[in-house]
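Asks: Below are the sequence and a predicted model; questions follow.
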Amino acid sequence: MQSADCLPLGRRLFLKSAAATMLATCSARVLPQPRVPRPLLIRNAYVMTMGAAGDLPRADVLVRGGEIAAVGIGLAADGAEVIDARGQILLPGFVDTHNHLWLSQMRGLFGRSPETRYFRLTERLGAAYRPEDMRIGTLFGAAGALEAGITTTLAYCDNIRTPEDAEAALSGLIDAGIRARFLYAGHDKLAPDVPLAIDHLASLHRNRAAWAGEAPIDLGLGWRTPTASAGEAVLSVALEELRRIRAIGLPVSTHISGDSGPDQLDLLISRGLLGQDMVLVHATGAEPEALRAVQDAGSAIALTPITEQRVGFGLTRLKHYTDRVSRVGLGIDGALAGAPDMFAVMRAGHLVQAAVSGDELAMLPRQVLELATIEAARAIRLDSRIGSLEPGKLADLILIDTQALNMGFPVSDPSSLLVYSARPENVSTVMVGGNVVKRDSQLTQIDSQRLVASADRSLGKIRERADAAR
Ligand SMILES: [Zn+2]
């Protein structure tokens, strides 16, 4: 167990910065060496590979060197530690295609009054964050995601006011042990004609080995898509950002949302800016013709049913997108969704689809489960490494205990059980790249209670600063 107040970075961030200084003083301990996870054999699980092998009702999965070495029946232990998973469902870890982990402390604050509307509140409190709050919020959100079986997340970090903010958030991701793409964005008050800090992002990318080491973190840009009515100054800044990030070769996520959504998508299409490296978040109001252009360009779409509906973007009609675009995945989208809970996201998406279709079979629970695993991995172009349980892929996997009052086990195909009955607390075991980060229903590397206390303290200070700035 480690103190959540003073979790080691794993690898010191390399830049001279307040965050690095804080991390240096925080960690009087010896930094952990890269771990080679010991081989593990998970026996007798109901294995949902989410790949070509389909479901294997009583099978084993051998994990070696951080990867899946074999999937089959009656595998030999060969010296591996054995986990008996009778009565448990083995799944690839959930893949969250969009999140704002940094604001996880705000989880309980939204929608109680005009002042606590999502965008209004995040803008006001976000301005009162300090780097340590970025770290704690990101760690708090990522730890909750892991606990709920989410092994990969795209952390759209849109509260970066200084390099230290970005580095502190990155250190939160590293401390959590989650697989993540850190999407470097600006903040709410950054004028659209002021460029994002691409130089800092480029330097983080160049020096990744020094600060990330073995941590499963990659980088991308959280880009601001302008609207077609944006002035020339705004447009030229945005286009230059995109040109630079593509020259570096990093992926892009961008919000296409709310009333501006169709206009933003029009701009991307008319200027030929879409590409395989781009994830469009929400794609609110996209017409079929625009979605065909998205498909032709090979771009992906991240859908976040809970937040899209809660914030008033309209109904998330999953099939409207999946019928037209081949790369679509589900996402949590941060604290407005409440706790990170992919079961709840799947349920919300499935419910709305059935309701708008007038047909309970319009989309099957298994298809929604695919959108949270293999299809989500495809959307972020990591499907060759994660998203299904197949030999050679990374050992990102979860066990879900069916021996609980809210579960019970069907004769075959537990997809409906997972979408409609399962909850995060049924996730007994979570592995990221072969590292067991949750076992026996407890996080193994994070002291949850201390982390909750740290998040509470952080939020208290943020609110004090924000009130003082009124
Ligand atoms: Zn978002």
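Replies: Sure, I can see it.
Asks: for the protein, which spans come out with low pLDDT?
Replies: With pLDDT under 70 as the threshold, the chain has low-confidence stretches at 1-36, 410-411.
Asks: For residue 96, grab phi and psi.
Replies: According to degrees, to the nearest 10, the main-chain angles of residue 96 amount to phi -100, psi 110.
Asks: what about the helices in the stretch 101-250 of the chain?
Replies: Using DSSP state H, counting those that start in this stretch, the helices found in the stretch 101-250 of the chain span residues 118-126, 131-147, 163-176, 198-206, 208-212, 232-248.
Asks: quick one, longest helix in this protein?
Replies: What stands out as the longest helix in the chain, according to DSSP state H, is helix 448-468.
Asks: So which other helices or strands are in contact with it?
Replies: Helices and strands touching helix 448-468, as assessed by 3 or more CB pairs under 8 Å, 6 or more residues apart in numbering; DSSP states H and E, comprise helix 118-126, helix 131-147. In this view, the C-beta of every residue, glycine as well, is placed from N, C-alpha and C.
Asks: Identify each buried residue in the last one, please.
Replies: Translated: helix 131-147. Neighbour-count burial for helix 131-147 flags 131-147 (criterion: 16 or more other CB atoms under 10 Å).
Asks: what does stretch 386-401 give?
Replies: Buried residues in stretch 386-401, defined by neighbour count with 16+ other CB under 10 Å: 386-390, 393-401.
Asks: Buried residues in the longest helix of the chain, which are they?
Replies: Judged by neighbour count (16+ other CB under 10 Å), helix 448-468 contains these buried residues: 450, 451, 454, 455, 458, 459, 461, 462, 463, 466.
Asks: repeat for stretch 264-284
Replies: By neighbour count, and taking 16+ other CB under 10 Å as the criterion, the buried residues in stretch 264-284 are 264-269, 273-274, 277-284.
Asks: quick one: which of those is nearest to residue 98?
Replies: residue 281 (5.0 Å; CB to CB).
Asks: My guess is the closest one contacts residue 256. True?
Replies: Yes - using CB atoms under 8 Å, residue 281 and residue 256 qualify as a contacting pair, with a distance of 6.6 Å.
Asks: shared neighbours of these two, which are they?
Replies: Listed contacts common to residue 281 and residue 256 are nil; contacts here mean CB atoms under 8 Å, 6 or more residues apart in numbering.
Asks: List the beta-bridge partners for the residue nearest the centre of the chain.
Replies: In the chain, the C-alpha closest to the average C-alpha coordinate belongs to residue 153, at a distance of 1.9 Å (CA atoms, centre = their mean). When bridges are assigned using DSSP bridges, the partners listed for residue 153 are residue 96, residue 180.
Asks: got a list of what it touches?
Replies: Applying CB under 8 Å, 6+ apart, one finds that residue 153 lies in contact with 95, 96, 99, 101, 142, 145, 178, 179, 180, 181, 332, 340.
Asks: What about the buried residues of stretch 264-284, which are in strands?
Replies: 278, 279, 280, 281 (DSSP state E).
Asks: ok, these vs residue 174, which is closest?
Replies: When those are compared for distance to residue 174 (CB to CB), residue 279 wins out at 22.4 Å.
Asks: wait, doesn't that closest one sit right on residue 303?
Replies: No - under the criterion of CB under 8 Å, residue 279 makes no contact with residue 303, lying 10.7 Å away.
Asks: Please report how far residue 296 lies from residue 325.
Replies: According to CB to CB, to the nearest Å, residue 296 stands 10 Å off from residue 325.
Asks: meant to ask about residue 106
Replies: In this structure, residue 106 lies at 31 Å from residue 325, with CB to CB as the measure.
Asks: what's the answer for residue 461, then?
Replies: With the distance defined as CB to CB, residue 461 ends up 42 Å from residue 325.
Asks: One more: residue 428?
Replies: Using CB to CB, which is the criterion applied here, residue 428 is 35 Å from residue 325.
Asks: State the number of residues packed around residue 243.
Replies: Look at residue 243: counted by other CB atoms under 10 Å, it has 11 neighbours.
Asks: so the one helix or strand residue 398 maps to versus helix 131-147, what angle?
Replies: Under the criterion DSSP states H and E, the helix or strand holding residue 398 is strand 397-401. Comparing the axes of strand 397-401 and helix 131-147 via axes from the mean of the first three to the mean of the last three CA atoms, to 10 degrees yields an angle of 60 degrees.
Asks: roughly how far out does stretch 290-309 sit from the chain middle?
Replies: Stretch 290-309 has its C-alpha centroid displaced from the chain centroid by 16 Å (CA atoms, centre = their mean, to the nearest Å).
Asks: Between its first and last residues, how far does it reach?
Replies: Here the two ends of stretch 290-309 are set 21 Å apart, with distance taken as CA to CA, to the nearest Å.
Asks: got it, and stretch 328-345?
Replies: Terminal residues of stretch 328-345 are spaced 14 Å apart (CA to CA).
Asks: quick one on the thing from earlier: ok, residue 296 and residue 325, which is more surrounded?
Replies: For the pair residue 296 and residue 325, the greater number of neighbours falls to residue 325 (23 against 11), based on other CB under 10 Å.
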